[in-house]
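Participant: Next one to model:
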Amino acid sequence: MLNLVQALWDTLWHHPFRRRFLWFLLVVNAIGAVSGYFWYENQLATTSWRWWIFVPDSPLSAALFTLALAGWLGGRRWPVFSLWACTAVIKYGIWAVILISDYWWRGGVPTFLEWMLWLSHIGMAVEGILYLRHLRLLPWHVAAVGAWLLFNDWADYGWGLHPYLYRPDQWTLAVVTALILTVTLIVVPWKNIYRAKQEI
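Facilitator: Residues are numbered from 1 along each chain as shown. Purely as a prediction, here's the structure:
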């Protein structure tokens, strides 16, 4: 049993680019992205198509990660795109887990669908963390993705395009959580820049 755990840890943490694992994640993320867009069907229907990219945060994140996985399978790392995909699944994975947990904490009765959403968003965050640490980045990569994260927060909470909340009084929690995650995901990747410089 210990050997199995060690092997799993070795695969997930140290060697996550093994092709079978990449294919598994690609299929899971593609299914998650498609089903997620259906989840946002009503909100998209009431939003102008020009702003659709800012509405389904989690499905877009899963779709980006699916494309990043396809690139990795094809031998392409695409640093900026990979960073965008990793930070997106981490941010919206953690954001959703916090908002769902808060809803339950305040008396919401967990449903099967909510449990599935909660677990799948934990998975999103974990997969982003697994791959983020392997990216070789330049300062402009982090700056570009950071600008997108900040602008997306502005669109969500300045223009009111954020995902529907479980409770109206979650708005402050949603804003604060998003901003903390954005700042964290701008700061953390800088260690990858230092690592890349050391390896040159």
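Participant: contacts and neighbour counts: CA atoms only from here.
Facilitator: OK.
Participant: Taking the centroid of this protein, which residue is nearest it?
Facilitator: Taking C-alpha atoms, centre = their mean, the centroid of the chain lies closest to residue 89, which sits 0.8 Å from it.
Participant: need the helix or strand of the chain with the lowest average pLDDT.
Facilitator: Taking mean pLDDT, DSSP states H and E as the measure, helix 190-199 is the helix or strand of the chain with the lowest mean score, a mean of 63.
Participant: Any regions of the protein where pLDDT drops low?
Facilitator: Within the chain, the stretches with pLDDT under 70 are 1-2, 4, 7, 194-200.
Participant: Can you show me the helices along the chain?
Facilitator: Secondary structure of the chain, counting by DSSP state H: helices at 2-9, 19-39, 41-45, 57-73, 79-105, 112-132, 139-153, 171-187, 190-199.
Participant: Reformat the ones you listed into JSON lines and put distance to residue 161 next to each item.
Facilitator: Supplementary listing: the helices of the chain in JSON lines, determined by distance: least, C-alpha to C-alpha, whole Å:
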{"stretch": "helix 2-9", "distance to residue 161": "38"}
{"stretch": "helix 19-39", "distance to residue 161": "15"}
{"stretch": "helix 41-45", "distance to residue 161": "9"}
{"stretch": "helix 57-73", "distance to residue 161": "10"}
{"stretch": "helix 79-105", "distance to residue 161": "14"}
{"stretch": "helix 112-132", "distance to residue 161": "20"}
{"stretch": "helix 139-153", "distance to residue 161": "9"}
{"stretch": "helix 171-187", "distance to residue 161": "12"}
{"stretch": "helix 190-199", "distance to residue 161": "29"}
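Participant: of all these, which lies closest to residue 164?
Facilitator: Ranking the helices of the chain by their distance to residue 164 (criterion: C-alpha to C-alpha) puts helix 41-45 first, at 7.7 Å.
Participant: Next, the buried residues of that closest one.
Facilitator: Buried residues in helix 41-45, counting neighbours by 16 or more other C-alpha atoms under 10 Å, are found at 43, 44.
Participant: mind checking how far it is from the chain centre?
Facilitator: Taking C-alpha atoms, centre = their mean, to the nearest Å, one finds the center of helix 41-45 at 21 Å from the center of the full chain.
Participant: mind listing what the closest residue in space to residue 80 that isn't next to it in sequence touches?
Facilitator: Spatially, and ignoring its direct neighbours in sequence, residue 80 is nearest to residue 141 (5.2 Å; C-alpha to C-alpha, 6 or more residues apart in numbering). The neighbourhood of residue 141, defined by C-alpha atoms under 8 Å, 6 or more residues apart in numbering, consists of 79, 80, 83.
Participant: Then residue 59?
Facilitator: Listed by C-alpha under 8 Å, 6+ apart, the contact partners of residue 59 are 32, 33, 34, 35, 36, 37.
Participant: Repeat the analysis, applying 6 Å as the threshold.
Facilitator: With contact taken as C-alpha atoms under 6 Å, 6 or more residues apart in numbering, residue 59 is in contact with 33, 36, 37.
Participant: I appreciate the help and will end here.
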